[in-house]
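S.K.: 3D model of this:
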Amino acid sequence: MSELILYAIPFFFLFMGLEYLALRHAAHENAEEAAAIGYELKDTGTSLSMGLGHVFIAGAWKLILVVILAGIYTISPFQLSPGDWWVWVLLFFADDLAFYCYHRSHHRIRLFWASHVVHHSSEHYNLSTALRQDWSPFTGSMFWMPLGLFFEPWMIVLAMSWNLLYQFTLHTETIDRLPRPVEFVFNTPSHHRVHHGSQEQYLDRNYAGILIIWDRLFGSFEPEGERVRYGLTRNIETFHPVKVAYGEFASIWRDVKAAGSWRDRLNYAFRGPGWKPEQEFHDSPAGYDPIEDGQGSTLGGVRNVENGFGKSVAIRSAGRRHVIHLAAPDGQRRGPEGGRASE
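M.R.: All right, here's what the predicted structure looks like:
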């Protein structure tokens, strides 16, 4: 673990204490809302336990990563000097893009999601949630290895650390929205609240680390609209750190063992977290009505969605959910990938 993160730990606790005091009144005033506000003892304890475990596990793994990055840099013909200022600018953008790719893949591939789901497992959203990190950080390293062709290993580790520190500040409800230019370029608490939402329109959105421009460029941006409901579409209902850390891996194993073919086994592991074989749409617990092709095959499922965007339907196909807003308040509708199309 980078020394930068270790030095920041006392400040993590200081700012969590300040946030707790700021949110205590808000939690009381909004006690009847479906989305929890503020801190809850067991939830915070789990987040801190996950963060403490991550310090040791990720710290040990980072030593291995540094060795790998050093090997790549040693044989690379593209070595850049840390003495040139523009190299640091390039590193900033390269690291942030690497994080975007890492983050998006860890939502779209279930085997990767099994480690990242830890961070989304809290039904609360506060600074302690930022510390709820996985105990299996091994799948993310590959996204930073290409940077080893250009940058010294210590530079890459430093960039990963400053990105993580920035993201700590995003996990709060004490900040509403920042000025528009900031919201347009940077990831903000508002944008990241969307990312932690469990409503249909918020799923798989806003993967940014520091710069939200990647989401705007690659079609994964969604602004904050209705009040965000935090957690998972099906919450894990446990505060046990080991179950939080490895519960989804166990679920994948059960699905793979029960699968009827090798194709389904691979799909359970490497398709999206919601993927199921076609025949299971008829029995889907999410309540989807099957869409058939007229020849007895099921193509997907459809159901109505109740949210703050007007009349909508959700369509599920090949393990992916899409929300189409038929009559949004602004006179527009959202397409399957969250983009806007004029009426």
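S.K.: please report how far the residue nearest to residue 195 when sequence neighbours are not counted lies from residue 106.
M.R.: For residue 195, ignoring the flanking residues on the chain, the nearest one in space by CB to CB, 6 or more residues apart in numbering is residue 206 at 4.2 Å. No exception for glycine: its C-beta is placed from N, CA and C like everyone else's. Residue 206 is 14 Å from residue 106, where distance means CB to CB, to the nearest Å.
S.K.: repeat for residue 43
M.R.: Distance, residue 43 to residue 106, by CB to CB: 22 Å.
S.K.: those two: who's more crowded?
M.R.: residue 106 (22 against 19; other CB atoms under 10 Å).
S.K.: next up, the contacts around the nearest residue to residue 270 once chain neighbours are set aside.
M.R.: Counting by CB to CB, 6+ apart, residue 109 is the residue found nearest to residue 270 once chain neighbours are left out, at 5.7 Å. Residue 109 makes contacts with 270-272, as judged by CB atoms under 8 Å, 6 or more residues apart in numbering.
S.K.: the same query, at a cut-off of 10 Å, please.
M.R.: 116, 139, 269-273 (CB atoms under 10 Å, 6 or more residues apart in numbering).
S.K.: now do residue 268
M.R.: 110-111, 251-259, 275-277, 319.
S.K.: buried by neighbour count, from those residues: which ones?
M.R.: Neighbour counting with 16 or more other CB atoms under 10 Å marks 110-111, 251-252, 255, 259, 275-277, 319 as buried within the contacts of residue 268.
S.K.: chain center to stretch 237-252, what's the gap?
M.R.: 17 Å (CA atoms, centre = their mean, to the nearest Å).
S.K.: mind listing what's buried along it?
M.R.: Result for stretch 237-252 [16+ other CB under 10 Å]: buried residues 239, 241, 244-248, 251-252.
S.K.: inside helices: which ones of these?
M.R.: Using DSSP state H, the members of the buried residues of stretch 237-252 that fall within helices are 241, 244-248, 251-252.
S.K.: make a markdown table out of those residues and add distance to residue 179 and pLDDT.
M.R.: Conversion of these to a markdown table gives the following (distance: CB to CB, whole Å; pLDDT from 0 to 100):
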| residue | distance to residue 179 | pLDDT |
| --- | --- | --- |
| 241 | 39 | 97 |
| 244 | 36 | 98 |
| 245 | 38 | 98 |
| 246 | 42 | 97 |
| 247 | 40 | 97 |
| 248 | 38 | 97 |
| 251 | 42 | 97 |
| 252 | 43 | 97 |
